[in-house]
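# I would like to see how this sequence folds:
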Amino acid sequence: MDKKQIFIIRAVLGAVFGIILSRFFYPKAPIVFIIGLCIALVALAYLTEYLRRRSRKRSEGSAGKE
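As a prediction, this is how the structure comes out:
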């Protein structure tokens with residue numbers, strides 16, 4: 001998959017789960033809060049991908065030194 005498709009999937013899933021979480025925990029939350037939560041979920045998806053790739057590069061680099 002290319003980066004555009006991955007972003008669309010993450011954005012849709014972030015919106016769906018953001019709405020579900022906000023309605024479950026904060027039923028009277030304003031729309032701005034819900035949008036912020038959706039954006040935060042997508043940002044966290046990219047952050048975890050970055051951290052996973054970084055740790056994988058470190059483990060691959062240290063494996064060759066032994």
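
# for the chain, just list every one of the helices.
If you assign secondary structure with DSSP state H, the helices in the chain sit at 3-25, 31-63.

# how about the longest one: buried residues?
What that stands for is helix 31-63. In terms of neighbour count (16 or more other C-beta atoms under 10 Å), helix 31-63 has its buried residues at 34, 37, 38, 41, 42, 45. Placement of C-beta: from N, CA and C, glycine included.

# mean pLDDT for the helices of the chain: which is lowest?
In terms of mean pLDDT, the lowest-scoring of the helices of the chain is helix 31-63 (a mean of 90).

# with adjacent residues omitted, what lies nearest to the most centrally placed residue in the chain?
The central residue of the chain, meaning the one whose C-alpha is nearest the mean C-alpha position (C-alpha atoms, centre = their mean), is residue 45 at 1.7 Å. Distances taken as C-beta to C-beta, 6 or more residues apart in numbering place residue 10 nearest to residue 45, at 5.0 Å, with adjacent residues excluded.

# give me the neighbour count for that neighbour.
Using other C-beta atoms under 10 Å, the number of residues around residue 10 comes to 17.

# mind listing what it touches?
With contacts defined as C-beta atoms under 8 Å, 6 or more residues apart in numbering, the neighbours of residue 10 are 42, 45, 46.

# one more time with 10 Å
Counting by C-beta atoms under 10 Å, 6 or more residues apart in numbering, residue 10 makes contact with 41, 42, 43, 44, 45, 46, 49.

# in this structure the third one contacts residue 14, no?
Yes: applying C-beta atoms under 10 Å as the test, residue 43 and residue 14 come out as touching, 8.6 Å apart.

# hmm, back to that, can you put the contacts of residue 10 in TSV and add distance to residue 2?
Putting these into TSV (distance: C-beta to C-beta, whole Å) gives the following:
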residue	distance to residue 2
41	21
42	17
43	20
44	21
45	16
46	15
49	15
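
# tell me the one of these nearest residue 25?
If you rank these by distance to residue 25 using C-beta to C-beta, residue 41 comes first, at 13.4 Å.

# so how far is residue 24 from the closest one?
Noted for residue 41: a distance of 14 Å to residue 24, by C-beta to C-beta, to the nearest Å.
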